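>>> Sharing a sequence plus its predicted fold:
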Amino acid sequence: MITDNMIDDLGIINQQIQELEATARKLKQALIARGVGKYEGMDFIAEVQHYDRATIDPTLVRKLANEDFVSSVTSIKAVDAVVVRRVQA
């Protein structure tokens, strides 16, 4: 049974996660600024790496390829999602 309290709990947890992720992004950026290499803390080791990642632009593929090709390489799956937003007072 879903109660209002469960929804609020989920919203609070999501907000905490966002705050923690923002802090993690700042820490990662500070490490990246130090350059490629290994860095040791008291309990953890972090490694800054630099590499190229190839990506495919799906919009461009749809534009350049025929519909049969796009259909043959496209997979569709059902997704269940929960979207939580703060109630506007």
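Noted; the coordinates are in hand.

>>> For the spatially closest residue to Asn14 that is not a sequence neighbour, give me its contacts.
Take Asn14 and drop its neighbours on the chain: the residue closest to it by Cβ to Cβ, 6 or more residues apart in numbering is Val84, 5.4 Å away. Backbone N, C-alpha and C define where each C-beta goes, glycine included. Applying Cβ atoms under 8 Å, 6 or more residues apart in numbering, one finds that Val84 lies in contact with Ile7, Leu10, Gly11, Asn14.

>>> Any stretches of the chain with poor pLDDT?
Counting by pLDDT under 70, the chain contains low-confidence residues at 1-3.

>>> again, only this time at 90
1-5, 58, 61-62, 66-67, 69-71, 73-74, 79-89 (pLDDT under 90).

>>> Report the central residue of it.
Among the residues of the chain, the one closest to the centroid is Glu21, at 9.6 Å (Cα atoms, centre = their mean).

>>> Just the buried residues of the helix or strand harbouring it, please?
Using DSSP states H and E, the element containing Glu21 is helix 4-34. Burial within helix 4-34, assessed by neighbour count using 16 or more other Cβ atoms under 10 Å, is assigned to no residue.

>>> could you say which helix or strand contains Val83?
Residue-wise, Val83 maps onto no helix or strand under DSSP H and E.

>>> Start the count at 56 instead of 1 going forward.
Shifting the count to begin at 56 puts that one at Val138.

>>> Tell me, how many residues neighbour Phe124?
Counted with other Cβ atoms under 10 Å, the burial measure for Phe124 works out to 12 neighbours.

>>> Sorry, wrong one. I was asking about Arg117.
Number of residues near Arg117 (other Cβ under 10 Å) recorded here: 13.
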